[in-house]
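> compute the structure for the input listed below.
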Amino acid sequence: MKSLLISFALLKSSLLFAQEVDEEITVYASRTQDALSETPASVTIIDRKKLDKFDVPGENLGTALGKMLPGFGAPTESVSNFGQTLRGRDVLILIDGIPQMENRQVSRQLNNIKTESIERIEVISGANAIYGAGAPGGIINIITKGYRDELAGFETYLGTSFASNPISHLSQTYNVQESVSGTLGVLQYLASVGGEWRNNRFDSSGNVIAPEPAQTSRSDTDTLDALVKLKYHFSQSSSAELSYEHFSEKQNTDYVVQLNPYRAETGLDLEEQPASRRDQIALNYVQKEFLGHNLSVLGYFRQRDLTFFPFALTKPVPIVNQSRTYAEVSGIKATMQKQITSDIDMTWGLDLERDKGKQRAHSYDQLRYEISGSKTYSGKSADYDYGPAIDTDKAALFTQFKAKITEGLKSKFGLRYEQISQKVHDFTPPLETAISKNWPILYAGVAQKEAAGDVRPGTTASLPRQYRYDNFQGGTLDYDAWATNLGFTYDLTPKNLVFFNYSQGYELGDTARLMRDAVATNSLIPTISPVFGLNINATTVDGLDLQTIKTSSYELGWRGSLDRIFGNAALYYNESDKVYQFNSDFTVDLLNLKKRVYGMEAEVGVRPTDDLTLGVSHSRAKGEARRAEGSGWAAVSGMEVSPPKSAAYVDYLYNADLRFNLQAQHLAPYNKEDDLNPNDRKTALDLHEYFLMDTNLDYAFSEASSLKFAVNNLLNRRYKTLFHQWAEFTYGEASGAPAEGRRFSLVYRHVY
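Presented below is the predicted three-dimensional model:
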């Protein structure tokens, strides 16, 4: 707590991308299209100009947001946004108001859209009751490109980037985007298509960075992104908008990681390389004055398909495994809004969603893999279950009231109730598949141990000569959850306000992952597992104690401006009531243990002149979980709660045509050992600090065209991202990829 009080003293001098209070700014992520001044929460609006400062060819949205948002996790340099939490909690990601999360929590949402397709981004920090499951940390609403007023307007984007060491086409990225939009009377339209082609990535010493095998890197990948929108106005009060989005990305690399020492080598033989695909179609109907309300109905359908890099497992049996996960999500969001009095506004609605997910896997020939030095993946097996297929149905009612109590005091109150049902399909546990496939080898190994006296006599005779596996019988899981929010804003001056917000959010456990290692009651595994030094117990769906995990969040903040100074600051505390614990016997327990996170964020900027803007930011948080034995609190991982993060920028408009921008970011070290009992320190993960600088120079040829020159990792620092430090600790040295070295970028834009 002492460190937080010290950090709070920095509020007078802290910042990054703070924004002035502006009545014209509308926050759509609140579902009620609120003015920013009426929103009792920390809100960040990132328009296209702000995003352009960090959007360079070869990097994804997770990288840009990791640099721009103080309380958000650091960039990963991966397709994964795992660890990019908001205030130590998972964040709900929306694209045009449509949730991008599934029950199978695969963290690629911020990689599955090109930043050139985005018009603006809204970030609301803190637990959120209005959107329901999946938003304990906040909401990131990504809004795609809008319509032009003229008959036809075009925008061309051409970009390239390359390493400074070596300067070679081998490191080059090429990025192209073309869009056209316009208005034809009552019809508005937009079509945008883009592609990006990335070659190798190089570290600060000029060495090729090997593809990271656990969560997948972005080197040697090709991306296609397409967006089509049509909006028809039936009248001045009603309209319908149809949209379709497609994103696909596939790796095609010849490199593979080698160890002792860590290095990248050519020779990878893998036909089915990592890939991502997302398709989304939506229809949004808006009708004003419908039964005295403003009606909005959004229907959507989304598919996603993700392939991982294969990895080798050694326990309980050796297997080279590669998985692929699928999801189909369909839903309806209906919202009714009514002005009850001049001071009271009511919104209510219904959300329905069905999520059908499954994960499959296959294995490769173990001997060929080992002989090739972990380069050859051949002898592909038939697909097998990698956890159960699960259908998740959600139905929720919500309501929210906004009230003007006095001229300066406004309030917001919301309530949501959600029922969730999950159908768990029968499946063959992957552990059964692996043991069945390797049973002759395992049986022979036990016989050798018995002959050597390492296991008791008669053990081999007690085992079956042929292994018989049992399918896990599925069932139904039912949940329900209540959530509420209550917030107040008070105008200190026309351009300064303070706010208090209490809000609840909730989330489901990743049921398919939690049940991946489940074992059927008739399985032989509980009987034979002690022979192999394991203690695996059987379970049933009825025996699982799975519930929603609720997070309560409290926030006290300020935002505003005074003359040439502007910014925002907040103190927050959030607490959840349960945690999931993975056990060594492959079971999962839901423990009634609290987890709490408390911290501060601040952003402040100053414009000494009309041409110069300076800013700094700082965020700091502490996360703790109650120990199971009841002996106090233990610090959570630095991947759950981001280490202290500070940033600064200088933005200088040299003349009407030339603008210079310099950004710097510092990630503080995280030493979990300081908060652990001596017996726990063997599992501690220390995260090392790093300091980075980026810069860009924008030149406008005219109002319609511009050229940007950017340099990332300006000082060519050698470091590992927090994500890869964690991945190395979790998966092994092969996942400890170094970060990219200095990189140059050129971007040309033309709007006509």
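> where do the helices of the protein begin and end?
Listed in chain order, the helices found in the chain under DSSP state H are 2-8, 48-52, 61-68, 366-371, 430-451, 459-462, 511-514, 525-528, 722-731.
> so, low pLDDT: which residues of this protein?
Low-confidence segments of the chain, defined by pLDDT under 70, are located at 1-30, 32, 315-316, 580-590, 630, 672-684.
> can you tell me how far the residue positioned nearest the centre of it sits from Gln105?
Within the chain, the residue whose C-alpha comes closest to the C-alpha centroid is Asn81; the distance, by C-alpha atoms, centre = their mean, is 4.2 Å. Counting by C-beta to C-beta, to the nearest Å, the gap from Asn81 to Gln105 is 11 Å. For every residue, glycine as well, the C-beta is placed using N, CA and C.
> make sure the residue nearest to the centre of the chain is actually in contact with Gln109.
Yes. Judged on C-beta atoms under 8 Å, Asn81 makes contact with Gln109 at a distance of 6.4 Å.
> picking up where we left off before, what would the helices of the chain look like in CSV with mean neighbour count?
Listed next are the helices of the chain as CSV, based on neighbours: other C-beta atoms under 10 Å:
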stretch, mean neighbour count
helix 2-8, 13
helix 48-52, 16
helix 61-68, 25
helix 366-371, 14
helix 430-451, 17
helix 459-462, 13
helix 511-514, 22
helix 525-528, 19
helix 722-731, 21
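> using JSON lines, please lay out those helices together with distance to Pro644.
Written out in JSON lines, the entries for those read as follows (distance: least, C-beta to C-beta, whole Å):
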{"stretch": "helix 2-8", "distance to Pro644": "8"}
{"stretch": "helix 48-52", "distance to Pro644": "23"}
{"stretch": "helix 61-68", "distance to Pro644": "14"}
{"stretch": "helix 366-371", "distance to Pro644": "42"}
{"stretch": "helix 430-451", "distance to Pro644": "40"}
{"stretch": "helix 459-462", "distance to Pro644": "54"}
{"stretch": "helix 511-514", "distance to Pro644": "30"}
{"stretch": "helix 525-528", "distance to Pro644": "45"}
{"stretch": "helix 722-731", "distance to Pro644": "12"}
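> ranges for the strands of the stretch 101-250 of the chain?
Remark: strands of the stretch 101-250 of the chain, listed N- to C-terminal, are 118-125, 138-144, 153-163, 173-184, 187-198, 221-235, 238-251; assignment by DSSP state E, counting those that start in this stretch.
> distance to Thr44 for those - can I get that in TSV?
Conversion of the strands of the stretch 101-250 of the chain to TSV gives the following (distance: least, C-beta to C-beta, whole Å):
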stretch	distance to Thr44
strand 118-125	4
strand 138-144	9
strand 153-163	24
strand 173-184	24
strand 187-198	24
strand 221-235	23
strand 238-251	23
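> tell me the most buried of those strands?
Neighbour counts averaged per stretch over those are highest for strand 138-144, at a mean of 24; criterion: mean count of other C-beta atoms under 10 Å.
> that strand vs strand 187-198, what angle?
Strand 138-144 and strand 187-198 meet at an angle of 110 degrees, taking axes from the mean of the first three to the mean of the last three C-alpha atoms, to 10 degrees as the criterion.
> what sits up against strand 138-144?
Taking contacts as C-beta atoms under 8 Å, 6 or more residues apart in numbering, the residues outside strand 138-144 that touch it are 28-29, 61, 65, 86-87, 89, 91-97, 110, 113, 117-128, 131, 227, 229, 243, 245.
> one more pass at 6 Å, please.
Residues external to strand 138-144 that are found in contact with it (C-beta atoms under 6 Å, 6 or more residues apart in numbering): 29, 86, 91-96, 117-126, 128, 227.
> cool, stretch 81-95 as well?
For stretch 81-95, the external contacting residues (C-beta under 6 Å, 6+ apart) are 62, 71-73, 100, 107, 109-110, 125, 131, 134-142, 597, 621, 623, 639-641, 723.
> same question, stretch 250-262
Outside of stretch 250-262, the residues within contact range by C-beta under 6 Å, 6+ apart are 210-211, 220-222, 264-266, 268, 273-275, 375, 733-734.
> could you redo the last one with a cut-off of 7 Å?
208, 210-211, 213, 216, 219-222, 264-268, 273-275, 373-375, 733-734, 736 (C-beta atoms under 7 Å, 6 or more residues apart in numbering).
> repeat for stretch 369-388
256, 258, 267-270, 310, 312, 320, 323, 359-365, 368, 424-425, 427-428, 430, 433, 472, 474, 512-513, 515-516.
> can you select the buried ones from these in ChimeraX?
Paste this into ChimeraX to select the buried members of those, with burial taken from 16 or more other C-beta atoms under 10 Å:
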select :256,258,268,270,310,312,320,323,359,360,361,362,363,364,365,424,427,428,430,433,472,474,512,513,515,516
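> re earlier: how about the helices of the chain, which one is nearest Lys394?
Taking C-beta to C-beta, helix 511-514 is the member of the helices of the chain nearest to Lys394, at 13.1 Å.
> and the strands in the stretch 401-550 of the chain?
Defined through DSSP E, counting those that start in this stretch, the strands belonging to the stretch 401-550 of the chain, from first to last, are 409-424, 475-493, 496-507, 549-562.
> which helices and strands does the second one pack with?
It refers to strand 475-493. With contacts defined as 3 or more C-beta pairs under 7 Å, 6 or more residues apart in numbering; DSSP states H and E, strand 475-493 has these neighbours: strand 409-424, strand 496-507.
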